[in-house]
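Engineer: Provide a 3D model corresponding to the input given below.
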Amino acid sequence: MLQALRSALKIGDLRQKIVFTLMMFLVFRIGAHIPVPGINLDVIADIMGEGQLLGFFDVISGGAFRNFSIFAMSITPYINASIIMQLLTVVVPFLERLAKEGAEGRKKIVEYTRYLTVILGFIQAIGISFGLRSALVDTSFGSIVLIALTLTAGTAFLMWLGEMITEKGIGNGISLIIFAGIVSSLPAGLASIYAYVKAGTTNILVVILFAIIALVVIVGIVAIQEGQRRIPVQYAKRVVGRKVYGGQSTHIPIKVNSAGVIPVIFAMSILMFPGTIASWFPDNSFAVWITNVFNFQSFFYNLLYALFIIFFTYFYSAITFNPMDVADNIKKYGGFIPGLRPGRPTSEYIAKVMNRITLVGAFFLAAIAVLPTILISTTQLPVYFGGTALLIVVGVALETMKQLEASLLMRHYEGFMK
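Structural biologist: Predicted coordinates for the structure are as follows:
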């Protein structure tokens with residue numbers, strides 16, 4: 001990986017793309033420290049300890065939410081809009097037709113995603129401004145709208161920043177912004193661990209054990225992210241005029257973790273929302289009961305968390321991968337899976353394999369998501385260790401390096417080809 005990065009820096013246009021991406025990261029980090037006007041940051045710091053969902057936002061935004069900067073909402077409205085549009089593409093016939101029209105259709109879907117991002121961003125900003133009204137210097141309607149517009153503009157700017165990284169940088173812009181936000185909190189985390197060890201709050205052996213477990217988890221994430229089941233497909237020979245087509249063997253790659261980190265985000269948002277809302281009403285007995293039930297360290301919460309992740313993994317995989325369409329495409333081009341008849345038997349076999357593979361990926365995601373709670377309760381190390389953050393960071397790093405390696409292959413870099 002490091003060799004590929006060094007090789008990329010030796011090529012002029014790739015070096016310019018990497019430098020441009022780093023400059024966009026700098027803009028992102030500067031904006032993360034520009035506060036929204038009319039906010040009492042001391043009150044925000046107190047609320048951060050109560051709302052777990054707010055802590056997740058802070059990790060994704062790279063500390064921008066804790067500072068309540070113009071990038072406090074990060075790129076989460078865009079992620080939500082993209083997921084919604086992806087789900088609607090399967091359900092709404094008009095969007096399904098657009099998706100099948102090629103580049104122009106996808107461009108139109110991207111445009112709709114941008115509009116939806118702004119709408120969702122403004123709604124989310126209004127909700128955040130109203131929910132955190134105790135931190136507002138001025139609680140009037142005009143002040144709330146001004147703060148909401150500022151947060152929405154920050155999200156829209158980040159969306160543009162991500163598109164610029166995709167167009168003029170090394171690609172994968174939105175994911176890289178999330179990656180930069182998560183990684184930016186790493187130095188502060190290491191500094192806090194050092195402070196705990198120096199103060200005697202934590203044993204050095206616990207920190208070493210923690211680091212070993214983190215390394216094992218990263219290796220596991222890489223293995224699962226890259227793991228796939230390959231279903232062999234054979235194409236029969238066809239004679240068209242004087243030419244012979246087909247006759248080759250290929251495969252259908254089915255990833256173990258085809259849903260990515262989306263099921264974890266869905267499950268986390270649903271389960272943390274009641275506790276976060278309840279924390280706004282500390283004097284209400286029902287709200288206190290909700291807070292206790294949805295405490296992220298309780299057994300009930302983690303059990304529900306794991307079950308929701310498994311459910312959403314199957315749900316998302318089912319709507320994004322259609323075995324019947326795959327079987328029809330294989331049949332249309334004269335292909336077949338050895339030992340199976342084309343058509344329905346092929347689709348049933350693919351669905352069976354998909355269900356088994358998805359089960360492994362679902363349990364893996366659930367284990368990674370629940371692992372931080374187990375580590376915190378056993379090691380007593382008061383440092384946030386997010387499985388979701390690790391999944392995002394490792395996944396984006398792998399995807400970015402694959403793009404760099406693909407660019408090097410296109411330029412026939414001799415040292416890399418060896």
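
Engineer: Once you drop chain neighbours, what's closest to F312?
Structural biologist: In space, not counting the residues next to it along the chain, F312 is nearest to P263; the distance is 3.7 Å by CB to CB, 6 or more residues apart in numbering. (C-beta placed from N, C-alpha, C; glycine too.)

Engineer: what's next to the one helix or strand L95 maps to, contact-wise?
Structural biologist: According to DSSP states H and E, L95 maps onto helix 93-99. With CB atoms under 8 Å, 6 or more residues apart in numbering as the test, helix 93-99 has contacts from M85, L88, T89, V90, G105, R106, K108, I109, Y112.

Engineer: at 6 Å instead, please
Structural biologist: Helix 93-99 is contacted from outside by L88, T89, G105, K108, I109, using CB atoms under 6 Å, 6 or more residues apart in numbering.

Engineer: now stretch 74-84
Structural biologist: With contacts defined as CB under 6 Å, 6+ apart, stretch 74-84 is touched by 60-61, 113, 116-117, 120-121, 124, 155, 158-159, 174, 177.

Engineer: which of these has the most neighbours?
Structural biologist: Most neighbours among the contacts of stretch 74-84, by other CB atoms under 10 Å: L158, with 31 neighbours.

Engineer: can you pull the pLDDT of the nearest residue to that residue once chain neighbours are set aside?
Structural biologist: Among residues not flanking L158 along the chain, I75 sits closest, at 5.1 Å (CB to CB, 6+ apart). Looking at I75, its pLDDT is 83.

Engineer: circling back: dump the helix holding L95 to PDB, keeping only the CA atoms.
Structural biologist: Extracted C-alpha coordinates of helix 93-99, given in PDB (Å, rounded to 0.1, in the frame of the first residue of the first chain):
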ATOM      1  CA  PRO A  93     -40.700   3.100 -11.300                       C
ATOM      2  CA  PHE A  94     -39.700   6.500 -12.600                       C
ATOM      3  CA  LEU A  95     -36.400   6.500 -10.600                       C
ATOM      4  CA  GLU A  96     -35.900   2.900 -11.600                       C
ATOM      5  CA  ARG A  97     -36.100   3.900 -15.300                       C
ATOM      6  CA  LEU A  98     -33.700   6.700 -14.700                       C
ATOM      7  CA  ALA A  99     -31.200   4.400 -13.100                       C
END
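
Engineer: right, and the helix or strand after it?
Structural biologist: Counting by DSSP H and E, what follows helix 93-99 is helix 103-131.

Engineer: Can you point out the buried residues in the longest helix belonging to the chain?
Structural biologist: Identified as the longest helix of the chain according to DSSP state H is helix 344-379. Neighbour-count burial for helix 344-379, counted by 16 or more other CB atoms under 10 Å, picks out 346-347, 349-351, 354, 357-358, 361-362, 364-366, 368-373, 375-376, 379.

Engineer: Cool, thanks, talk later.
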